[in-house]
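Participant: Using only what follows, build the 3D model:
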Amino acid sequence: MDGKIFNSEGQYVAVIRANKIYNLSGQKLYDLRGQKIYKPTGEFVGHLSSAGADKRLDKSSDRKL
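Facilitator: Numbering: from 1, shown residues only. Have a look, this model is predicted:
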């Protein structure tokens, strides 16, 4: 699953490549399992709301990216 991630304000904040989430500089931030976001340590962070190829962060997850 590849795509862009937007926060609740519509700002482009991250990219998804091969079930990994990267910041705009290309640094790996999180793992993506389905719609759920996890830290590399396995700790649950939040989830994405589906919107076609591009995704939106759930408002509760918004501040963490």
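Participant: Tell me the buried residues in stretch 27-47?
Facilitator: 29-32, 37, 45-47 (16 or more other C-beta atoms under 10 Å). From N, CA and C alone the C-beta is placed, and that goes for glycine too.
Participant: Show me those that map onto strands.
Facilitator: Judged by DSSP state E, the subset of these located in strands is 29-32, 37, 45-47.
Participant: possible to save those as CSV with distance to I5 and pLDDT?
Facilitator: What follows is those, written out as CSV (distance: C-beta to C-beta, whole Å; pLDDT from 0 to 100):
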residue, distance to I5, pLDDT
L29, 10, 92
Y30, 10, 92
D31, 14, 93
L32, 10, 90
I37, 9, 88
V45, 12, 86
G46, 11, 83
H47, 12, 81
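Participant: Switch the buried residues of stretch 27-47 over to CSV; also include distance to S8.
Facilitator: CSV is the format used below for the buried residues of stretch 27-47 (distance: C-beta to C-beta, whole Å):
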residue, distance to S8
L29, 18
Y30, 17
D31, 22
L32, 18
I37, 15
V45, 15
G46, 12
H47, 13
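Participant: Just the closest of those residues to R17, please.
Facilitator: L32 (9.7 Å; C-beta to C-beta).
Participant: residue contacts, that closest one?
Facilitator: Contacts for L32 were tallied using C-beta atoms under 8 Å, 6 or more residues apart in numbering; they are 1, 16, 19-21, 38, 48.
Participant: again with I37
Facilitator: 21, 30-31, 44-48, 61.
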